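> When you get a sec, could you give me coordinates for this:
(chains A and B)
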There are 2 protein chains.
Amino acid sequence: MTLSLDEVFTLARQALAGQGLAENQASAIARTITAAERDGCQSHGLFRVPFYVAALQNPGIDPAAEPVVSVDSSAVVHVDAGCGFCPLALERGLEHLVERAQALGIAAMAIHRSYNIAALWPEVEHLANAGLIAFAFTASNAYVAPAGGSKPLYGTNPMAFAWPRAQQPPLVFDQASSVSARGEIQLHQQAGQPLPGGWAIDVHGEATTDPASALAGAQLAFGGYKGASLALMIELLAGALIGDLFSFESSAQDVHNTGAPFGGEFLIAISPGRCAPGASNDAHLERAEALFTKILSQDGTRLPSDRRYQARVNHLANGIEIPAPLYEELQGLASE
Amino acid sequence: MTLSLDEVFTLARQALAGQGLAENQASAIARTITAAERDGCQSHGLFRVPFYVAALQNPGIDPAAEPVVSVDSSAVVHVDAGCGFCPLALERGLEHLVERAQALGIAAMAIHRSYNIAALWPEVEHLANAGLIAFAFTASNAYVAPAGGSKPLYGTNPMAFAWPRAQQPPLVFDQASSVSARGEIQLHQQAGQPLPGGWAIDVHGEATTDPASALAGAQLAFGGYKGASLALMIELLAGALIGDLFSFESSAQDVHNTGAPFGGEFLIAISPGRCAPGASNDAHLERAEALFTKILSQDGTRLPSDRRYQARVNHLANGIEIPAPLYEELQGLASE
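As a prediction, the model looks like this:
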């Protein structure tokens, strides 16, 4: 089936609202799901709706949470998500982070007490569209073995980065500290396909390409101990630093095994005009284009977000293909 | 030969001063070299002195540069290194970065116009010893191929991170975006040893384990495209953002092929007490210890900086072994 972006949004929003989420929460989530479908990120698109619904089983969740923003004259913005999902907390906080970063040159935002199963690129792209350089970090559940170890401890712990561009959408990457995102293993499992080598180990610590064994065992960090260092850094930033849960603590409180991480997200935003003496924002952005041109002059290269933006152009023109069973499942959730 | 730390410092300082570096510059560099020898980081120890001396051939270098610090009420500190080496600029700026981060919760520091061939862990360890979480980023010369490409464009672009601990030295990592540091390839070349696979490609883009071919070709980012994304991010942060050179621009101005990158360093420091509502610094630090205990409870694991701190204990007790030819070379530099 082919849907328009508006139809994707309505399908997601109605399915979530039909399962008990308040309108504000459902709409904010549906916006991130729609953005993911628009950009060809299947694993964060409509495929995710049933994961949000499963997360509602968590005894601590508040399906009608109203996030509370705290801002002062410092460079740190806080948003208490109130045990709701993360997208609404982000929407409420981002304008304050933009204001603080523009005022002071660099600022941070901590999202507290949120259930977070969305991608991070929408928020860093949003910040870059406001002219800022942006980072986002979040922990998840205990899926990834530490360097040298064989049992899951870290989350897949993504880190996203965005750089604003004058004539084009921002340069963005959003990459798990693990070789693959958890969702990619789930998609392989649904499709009955083996995993590429090097993604995971089984419960005995042996290499595996079986999705079920990988999900029961441990995922591996990308690039060996260096990726594991990043996973550890993200545990510390999105966990201890901001007073939210580590991935292993999030797993422990997930008593119904819904897979929805509960915890924090940490963001940093930087105003380029404050970082080089005397330089305007435009001067910075222009210099970066010279580097991008150098990258693309080599055969076989692309910029990190190019594929996503190509999918965006395609989907905006042609609509979005949805498997009929998924459409029917979501229609069913909407009318329950 | 076995030297004390004081003897290492004096040997480095006198060799650098003997080659024309001003006392302030030579002492700051000698402190980073001494710290590296103390911690068993050979490639940033006395082995580096001849690289500093070679860097003095750069027509733009000022061997007597006095760094100029600019601080205002914003969260961004600037240090103009004045075309001297980076260590003195860092020493002059770090106290201001600490003050800004403590006042505002997060702050950044840009070092401009510096020649930088030191490791990054000394500055992030310093910031963590002041109770802050710290990041440092710097570009280098064009050594690493972009994702999908085969020609050198990015620097080895290290990123360092530090987390303060109450009862122990900080948790620190300092890792190149490339599989290996440039210095490790140089050490293999000096020792006549082949490289491990996966470190580099030759000038034709083919895999190589020959150090000379690797140095002439391109190094590879760790973890494939994800490590290359980090290398690109670091080019943008330490280059365009702060108005300093990209690695390929640094290479182009290195007319005598000294290998000393000229450009910027970008640091971020975060005060943990401002990041969780109502939490003290101690509360944060205590929570992180639970994660570290979980990591170390798995066989085969260690924390990123453990090996360096073990070497520190050993070298503080027993002194530092130096190859006699290196000692003689440095004595010679001191008396020229």
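> Identify the residues contacting the helix or strand hosting A:P122?
Following DSSP states H and E, one finds A:P122 within helix A:121-129. Residues outside helix A:121-129 that contact it (C-beta atoms under 8 Å, 6 or more residues apart in numbering or on different chains) are A:32, A:35, A:90, A:94, A:97-98, A:101, A:133-136, A:160-165, A:169-174, A:267, A:269, A:305, A:308. For every residue, glycine as well, the C-beta is placed using N, CA and C.
> ditto for stretch A:323-336
A:1, A:3, A:11-12, A:14-19, A:46-47, A:49-50, A:53.
> of these, buried ones?
Buried by 16 or more other C-beta atoms under 10 Å in any protein chain shown: A:3, A:11-12, A:14-19, A:46-47, A:49, A:53, out of the contacts of stretch A:323-336.
> Which ones among those lie within strands?
A:L3 (DSSP state E).
> ok, the buried ones among the contacts of stretch A:323-336 vs chain B, which is closest?
A:F47 (22.7 Å; C-beta to the nearest C-beta).
> What confidence value was assigned to the closest one?
On the pLDDT scale, A:F47 is placed at 91.
> Tell me which residues touch it, please.
Per C-beta under 8 Å, 6+ apart, neighbours of A:F47: A:G183, A:L187, A:L326.
> which helix is the longest one in chain A?
helix A:86-104 (DSSP state H).
> Between helix A:121-129 and that one, find me the angle.
Taking axes from the mean of the first three to the mean of the last three C-alpha atoms, to 10 degrees, one finds that helix A:86-104 is oriented at 20 degrees with respect to helix A:121-129.
> and helix A:86-104, C-alpha only, in CSV?
Taking C-alpha atoms only, helix A:86-104 is exported to CSV below (Å, rounded to 0.1, in the frame of the first residue of the first chain):
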residue,chain,number,x,y,z
CYS,A,86,10.7,11.1,25.0
PRO,A,87,9.4,12.8,21.8
LEU,A,88,7.1,15.3,23.6
ALA,A,89,9.8,16.1,26.2
LEU,A,90,12.2,16.9,23.3
GLU,A,91,9.6,19.1,21.5
ARG,A,92,9.0,21.1,24.7
GLY,A,93,12.7,21.5,25.5
LEU,A,94,14.4,22.2,22.2
GLU,A,95,13.5,25.9,21.8
HIS,A,96,15.0,26.5,25.3
LEU,A,97,18.2,24.7,24.4
VAL,A,98,18.5,26.8,21.2
GLU,A,99,18.0,30.0,23.2
ARG,A,100,20.7,29.1,25.8
ALA,A,101,23.2,28.0,23.1
GLN,A,102,22.7,31.2,21.2
ALA,A,103,23.1,33.3,24.3
LEU,A,104,26.1,31.5,25.8
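> State the next helix or strand along the chain beyond it.
Immediately after helix A:86-104, counting by DSSP H and E, sits strand A:106-115.
> Which positions within that next one qualify as buried?
Across strand A:106-115, burial judged by 16+ other C-beta under 10 Å covers A:I106, A:A107, A:A108, A:M109, A:A110, A:I111, A:H112, A:R113, A:S114, A:Y115.
> Which residue, neighbours along the chain excluded, lies closest to the fifth one?
With C-beta to C-beta, 6 or more residues apart in numbering or on different chains as the measure, A:I242 is the residue that lies nearest to A:A110, at 3.9 Å, once sequence neighbours are left out.
> on that earlier part again, in strands, which of the contacts of helix A:121-129 appear?
A:133-136, A:160-163, A:171-174, A:267, A:269.
> looking at this, A:V77 is in a strand?
Yes: when classified by DSSP: H, G, I helix; E, B strand; the rest coil, A:V77 is found to be part of a strand.
> Could you double-check that it sits in contact with A:A110?
Yes: applying C-beta atoms under 8 Å, one finds A:V77 in contact with A:A110, separated by 7.4 Å.
> picking that back up, quick one: the helix holding A:P122 to strand A:106-115, angle?
160 degrees.
> quick one: buried residues of helix A:121-129?
In helix A:121-129, counting by 16+ other C-beta under 10 Å, buried: A:W121, A:P122, A:E123, A:V124, A:E125, A:H126, A:L127, A:A128.
> Using CSV, write out every CA atom in stretch A:187-202.
What follows is stretch A:187-202, C-alpha atoms only, in CSV (Å, rounded to 0.1, in the frame of the first residue of the first chain):
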residue,chain,number,x,y,z
LEU,A,187,14.2,-6.9,11.2
HIS,A,188,16.5,-9.8,10.3
GLN,A,189,14.6,-12.0,12.6
GLN,A,190,11.2,-11.0,11.1
ALA,A,191,12.6,-11.6,7.6
GLY,A,192,14.1,-15.0,8.6
GLN,A,193,17.6,-13.8,7.5
PRO,A,194,20.9,-14.6,9.1
LEU,A,195,23.0,-11.6,10.5
PRO,A,196,26.3,-10.5,9.0
GLY,A,197,29.3,-11.8,10.9
GLY,A,198,30.7,-9.7,13.8
TRP,A,199,27.4,-8.3,15.1
ALA,A,200,26.9,-10.5,18.1
ILE,A,201,27.8,-13.4,20.4
ASP,A,202,25.5,-16.0,21.9
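> which other residues reach it?
So stretch A:187-202 is in contact with A:42-43, A:47, A:145, A:150, A:178-180, A:185, A:207-220, going by C-beta under 8 Å, 6+ apart.
> The same query, at a cut-off of 7 Å, please.
A:43, A:145, A:150, A:179-180, A:185, A:207-220 (C-beta atoms under 7 Å, 6 or more residues apart in numbering or on different chains).
> Can you add pLDDT and give the buried residues of strand A:106-115 back as JSON lines?
Converted to JSON lines, the buried residues of strand A:106-115 look like this (pLDDT from 0 to 100):
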{"residue": "A:I106", "pLDDT": "98"}
{"residue": "A:A107", "pLDDT": "98"}
{"residue": "A:A108", "pLDDT": "98"}
{"residue": "A:M109", "pLDDT": "98"}
{"residue": "A:A110", "pLDDT": "98"}
{"residue": "A:I111", "pLDDT": "98"}
{"residue": "A:H112", "pLDDT": "97"}
{"residue": "A:R113", "pLDDT": "97"}
{"residue": "A:S114", "pLDDT": "98"}
{"residue": "A:Y115", "pLDDT": "97"}
